[in-house]
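Asks: Sequence first, then the predicted structure:
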Amino acid sequence: MNAITKILDTDRYARCVQTSKRVRWDIDEDIIRGRRFEAAHKFLPDGLSLADAFTTLSSDEKRFVSQIQGRTYANVFGLVERFINAKVLELSEDHWFGDQVALEALIRFSDEELKHQALFRRIDQMVGEVLPDGYCFDVDPNAVAQAVLGKSTWAVLALTLDIELFTQLHYRQSIDPDTALSELFKDVFLYHWKEESQHAILDELEWVRHDAGLTAQQRDRAVDELIELVGAVDGILQAQAKVDAGYFAAICGRAVDAAEARAIEAAFLKAYRWQYIQSGAQHPHFGKVLSSLITEDQGQRIQAALATLQ
């Protein structure tokens, strides 16, 4: 990394610090503001819940699906931010005796991720107050974090950038434009988006910085580990799709036969794969950064793995 690149990177870290200070928000004062969720509202927009894939359901039932998925959406973000925060704190050590601006940017990143975890725990509790009992998200965030952090830093940063970018895409393209969505739910992800925007910049800076110190062999192994992480994410999604489909069938108020139950579970999984894997993998900026770091053969291996998740 040459001197000019270092200067430019320091400026980007500095701008992230400035943005962090400017957009800083509070869970109660800025987001909740004494409000509650209402069962009459959708929580996730059709573009994320893939409502059209639930072909046997009524409009009211599709709204219920959006609420189930919205609760899972909040829980998944709370889950992934556990390992993201741990990795950011680990990376900050590289700057302890170096670029203090970069160090501040990463410490602010960590502080914001802790706040986001608290926010999503709060949202899960609040949604639980208006939806029927029986919902379950039984995934241990610490166990997941430990498993993810067992992979290389390169692979973890690749997955993290993917997540931070699709968060922004989801808000801008689907959540914000949907006028039928719960205003409280929209505000949760408006404020989340405000801080995630600079997190994505920091993810990229740290990923490229880390990549510069790898050998070709280490990077090749890291590509395989990224593929393994995506497969692990898909395993979580498959399990949650089954649980959420079962919850819907138990609560919807009518009989659901075996064939429809399978179709509903498949629709949940299709939506979850779109939300947490495919929308990020297809993000133009993620593709640009990834392709700048890997070979054509490595890119083909990644694409082949993604093609199995259809």
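Replies: Received the coordinates, thanks.

Asks: Who are the contact partners of residue 177?
Replies: Taking Cβ atoms under 8 Å, 6 or more residues apart in numbering, we find residue 177 in contact with residue 45. (Glycine included, C-beta is placed from N, CA and C.)

Asks: and with 10 Å instead?
Replies: Listed by Cβ atoms under 10 Å, 6 or more residues apart in numbering, the contact partners of residue 177 are 45, 47, 171, 186.

Asks: Ok, residue 118 next?
Replies: 27, 78, 81.

Asks: Most neighbours out of the residues you listed, which is it?
Replies: residue 81 (27 neighbours; other Cβ atoms under 10 Å).

Asks: that older thread, list just the nearest of the contacts of residue 177 to residue 161.
Replies: residue 171 (16.4 Å; Cβ to Cβ).

Asks: For residue 51, see how far away the closest one is.
Replies: 18 Å (Cβ to Cβ, to the nearest Å).

Asks: do the same with residue 86
Replies: Per Cβ to Cβ, residue 86 is found 35 Å from residue 51.

Asks: Counting neighbours, go ahead and name the busier of these two.
Replies: Neighbours per residue (other Cβ under 10 Å) separate residue 86 from residue 51, with residue 51 holding more: 22 against 18.

Asks: and residue 107, how many neighbours does it have?
Replies: Look at residue 107: counted by other Cβ under 10 Å, it has 16 neighbours.

Asks: who touches it in this structure?
Replies: 17, 20, 88-89, 92, 95.

Asks: Only whichever of those are buried, select them in ChimeraX.
Replies: Applying 16 or more other Cβ atoms under 10 Å to those, the buried members can be selected in ChimeraX as follows:
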select :17,20,88,92,95
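
Asks: Generate TSV for the contacts of residue 107, with distance to residue 209 as supplementary columns.
Replies: Output for those, formatted as TSV (distance: Cβ to Cβ, whole Å):
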residue	distance to residue 209
17	17
20	19
88	13
89	16
92	12
95	10
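
Asks: Tell me which of the contacts of residue 107 fall in helices.
Replies: 17, 20, 88-89, 92 (DSSP state H).
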